[in-house]
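Asks: got a sequence here, can you model it:
(one chain, ligands or ions: 1)
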Amino acid sequence: MDQLIPEEIAHFLRERRSPKSDEEIDLFMETIVRHYHKPDRGAGLVGVGGSDAVTHYKDIKRVILEMDKVSKFTSRSAFVDFGSGPGFFPIYVALKHRIPCYGIESQPQSVELGRIYLKWAFLENLDLDPRTPDQWKEQDMKWNREHGPLVLFHASYFEVLRKDWIPHRSITHLVTYDAVYIPDAMNAIRRLVKPYAVTGATSKKNASFLPRTAIEQARIPSVRVGHSSFTFVIWKNEPGGDQGSSSEEENDTEPDKKTQKTSWLVWYISHDEALLATAEERFGAEWRAQVGTLLANHGLDIDKTILWLEGYRTTRRKGPDRHTMLPVINKS
Ligand SMILES: C[S@@+](CC[C@H](N)C(=O)[O-])C[C@H]1O[C@@H](n2cnc3c(N)ncnc32)[C@H](O)[C@@H]1O
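Replies: Model (predicted):
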C-alpha cells in the first residue's frame, strides 16, 4: 500500500523527528484521521473496516486523560489497544506519553495502514526515558534491537495471543472497544488480562468486558466510535491486592438472609457461577449496586428475584463480527 505523506505533516519526516508539543500532536493526529477518512486513501482501502469504525480523536484524548487520572502514565508504562484498527490510540499514546505502545488488530489492511502512520510519526526514534537524556540513543537502540519499533501493530486475533502477552510486554494500560466483539473475543481478552494489575478502558453497553477482580474507577459518557456512542468505563484490575474491596473474598461470610436480604443475595450470586455470569452480563461490573433495586422490583422476595435472574437470557449478537472471520496472519 503506497501512500503519500500529507504536506501538513511532511516536515516531521524531513526533520527526522516525532511530533512533540500538544499542538504538533494535534496537527499530526488530525491529519492522519482526515487521511483515513478519504475513501481513496485510508478506510476505503481497508474496505471492510470502513471509516465509521474508529474512535473520534477528541474522544481518544478524553479516554487517555481519564486513564491518566486513574493511573498515571510514567516512563515505565506500556499501552495496548486490543482491536486497534489503524492504530490511532497507540500512536496518540506513544506521542503523548512517549512509552511503548501496541495495537492488536485482525484486519491486515488496517495494520498496514497503521504502520504507515507510525512511520510518518517517526516513532521508531522516540526517546524512551525522558529523565535520562544521555542514555536516550542507547535505550532507543536497545529497544529496537529487542522489540522492533516503539509502536508495534500485530496482525493477529486476541484469541491466539500467548497467555503471558500482557506481562511479556509489561502492559500497564489497555483500551478495548469491546462493545462490538463476539463473546469469544471478549473472553479471550478477559483471560489475557485477569491475572495482572492493569488499568483499562472499555466500552459499556449492557454487557461490558471487565475482569471480575476489577474495580470501576470512572465513566466517560458519549465516547463516539463512528456512528455509535457509548459510555467508556475506566477500571483497575488488582488481582491478589490486599485491598479486598472488590470481590469474592468480601462476601465469604454468609449474611443473615432475613435481616440483610440484599447482602445475602449479593453473597449468594457471587457464589453461583451461572448467576454471577448472568448478573455481570446484565449489569456489568457494578452488578452489586443493582441487586437492591432488583429485589425491590420483585417485592423484596429473594426466591422470585433469583428465579428472574435464572430465567434471564442475554441478547447475544446474531452473527460473528465480520472482522473476526479473516484468516490469522501472524501469531505472536
Ligand atoms: C470498533 S474498531 C475500534 C478501532 C480502534 N480501537 C479505535 O477505537 O479507533 C474494532 C476493531 O477491532 C478489530 N477486531 C475485532 N475482533 C478482533 C479480534 N478477535 N482480534 C483482533 N482484532 C479484532 C476489528 O477488526 C476492528 O478494527
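Asks: could you use CA atoms for every contact and neighbour count after this?
Replies: Noted.
Asks: where does this protein come near the ligand, residue by residue?
Replies: Residues of the chain lying near the ligand by CA under 6 Å from any ligand atom: 49, 53-55, 81, 83-85, 88, 104-107, 156-158, 177, 181, 185, 323-324.
Asks: any quick ChimeraX command for the buried ones out of those residues?
Replies: Buried residues within the residues of the chain next to the ligand, by 16 or more other CA atoms under 10 Å, are selected in ChimeraX with:
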select :49,53,54,55,81,83,84,85,88,104,105,106,107,156,157,158,177,181,185,324
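Asks: from the residues of the chain next to the ligand, which land in helices?
Replies: Those of those mapping onto helices are 88, 185, per DSSP state H.
Asks: roughly how far apart are the residue of the stretch 101-250 of the chain at minimum distance from the ligand and residue 72?
Replies: Per CA to the nearest ligand atom, residue 157 is where the stretch 101-250 of the chain lies closest to the ligand, at 3.3 Å. According to CA to CA, to the nearest Å, residue 157 stands 28 Å off from residue 72.
Asks: tell me, which strand in this structure spans the most residues?
Replies: Ranked by residue count, the top strand of the chain under DSSP state E comes out as strand 214-225.
Asks: and that strand, how far out from the chain middle?
Replies: 11 Å (CA atoms, centre = their mean, to the nearest Å).
Asks: so what does it touch, helix or strand wise?
Replies: If contacts are counted by 3 or more CA pairs under 8 Å, 6 or more residues apart in numbering; DSSP states H and E, strand 214-225 sits against helix 57-70, strand 228-237.
Asks: adding mean neighbour count, mean pLDDT and distance to residue 150, write those out as TSV.
Replies: Shown next, in TSV, are the helices and strands packed on strand 214-225 (neighbours: other CA atoms under 10 Å; pLDDT from 0 to 100; distance: least, CA to CA, whole Å):
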stretch	mean neighbour count	mean pLDDT	distance to residue 150
helix 57-70	17	97	18
strand 228-237	20	89	25
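Asks: neighbours around residue 38, how many?
Replies: Residue 38 has 13 neighbours, counted by other CA atoms under 10 Å.
Asks: that should have said residue 89, apologies.
Replies: Residue 89, neighbours per other CA under 10 Å, totals 28.
Asks: kindly format the C-alpha coordinates of the longest strand of the chain as CSV.
Replies: C-alpha atoms of strand 214-225 as CSV (Å, rounded to 0.1, in the frame of the first residue of the first chain):
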residue,chain,number,x,y,z
ALA,A,214,-11.5,-5.1,38.5
ILE,A,215,-12.8,-2.1,40.4
GLU,A,216,-14.6,0.5,38.4
GLN,A,217,-13.0,3.9,38.6
ALA,A,218,-14.7,6.4,36.3
ARG,A,219,-17.1,6.7,33.5
ILE,A,220,-16.9,8.8,30.4
PRO,A,221,-20.3,9.2,28.7
SER,A,222,-20.7,9.6,25.0
VAL,A,223,-17.5,8.4,23.6
ARG,A,224,-18.0,8.2,19.9
VAL,A,225,-16.8,5.4,17.6
